[in-house]
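[1] Could you look at this predicted model? Sequence included:
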Amino acid sequence: MTNTERKLDESKYFFNRLNIDDPYFDYNLSAFLNAARSITWVMRNEFSEQSGWEKWFKEYYLSEQAYKLLKEINDLRIETTKRAGVKTDFFFLQTDLFVDEKYFPELQKFKDMEDGEYILSIKPLSEEPKQLEEGTIRFVGEINREEKPYDGARERLKNTCEEYLSLMTSLVQTCINKFVK
């Protein structure tokens, strides 16, 4: 297995963890973007000394749509590595959640929060939290957005990542077939 194929496998690994219902979606997206975007860098490092590779790489046909996809993925990678990161949503799954009292003020910030774009409210499903140990309570609750400014963002991002992964898979396979004996 070449280093380029290994980087492609790393990208596939993180892509397979992009579950739109996972609270850690953004973290897996970040890992995918970094791995996937570095495929061509690894390829250049690995193959640039081989006769004809640089010319082949520069002339490799990419459609206008593929160039737009490359730019979009690169912009996302820059956002996730050099700026605030890609943030698709904030929610708690409907589940049991343990919260130490010291975090109540932080959690309270989300209750009935308005920032001009949406309202976030916490609706407890259990009226009486059960005391577990001093300073900690257990409650079951959910956070619902009344308006979802990022509605569908995760699915769109996952589809974009899938397109990019397909493009990189084709590029890597072509490179390997041409330059690995």
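    Great, that's in hand.

[2] same for the longest helix along the chain, what does it pack against?
    With secondary structure taken from DSSP state H, the chain has its longest helix at helix 153-179. Contacts defined by 3 or more CB pairs under 8 Å, 6 or more residues apart in numbering; DSSP states H and E place helix 153-179 against helix 3-15, helix 25-37, helix 39-47, helix 53-59, helix 64-82. Backbone N, C-alpha and C define where each C-beta goes, glycine included.

[3] Show the average pLDDT along the fourth one.
    On average, the pLDDT along helix 53-59 is 93.

[4] That one - contacts with which helices or strands?
    Packed next to helix 53-59, using 3+ CB pairs under 8 Å, 6+ apart, are helix 39-47, helix 153-179.

[5] Check the longest one too.
    Counting contacts by 3+ CB pairs under 8 Å, 6+ apart, the secondary-structure elements packed against helix 64-82 are helix 25-37, helix 153-179.

[6] What of the third one?
    Other helices and strands packing on helix 39-47, by 3+ CB pairs under 8 Å, 6+ apart, are helix 3-15, helix 53-59, helix 153-179.

[7] at 6 Å instead, please
    helix 3-15 (3 or more CB pairs under 6 Å, 6 or more residues apart in numbering; DSSP states H and E).

[8] which other residues reach the helix it packs on?
    For helix 3-15, the external contacting residues (CB atoms under 6 Å, 6 or more residues apart in numbering) are 28, 31-32, 35-36, 39, 42-43, 46, 161, 165, 172.

[9] Next: stretch 67-76.
    Around stretch 67-76, the neighbours that count as contacts under CB under 6 Å, 6+ apart are 33, 86, 163-164.

[10] Give me the below-cutoff pLDDT ranges for the chain.
    Scanning the chain for pLDDT under 70 picks out 85, 89-151.

[11] For the contacts of stretch 67-76, name the two members farthest from one another.
    Spatial extent of the contacts of stretch 67-76 (CB to CB) is set by the pair Val86 and Glu163 at 16.5 Å.

[12] Spell out which residues make up each domain of the protein.
    3-88+151-179, 95-145 (automatic domain parsing).

[13] From one end of the longest one to the other, what's the distance?
    The first residue of domain 3-88+151-179 is 13 Å away from its last residue (CA to CA, to the nearest Å).
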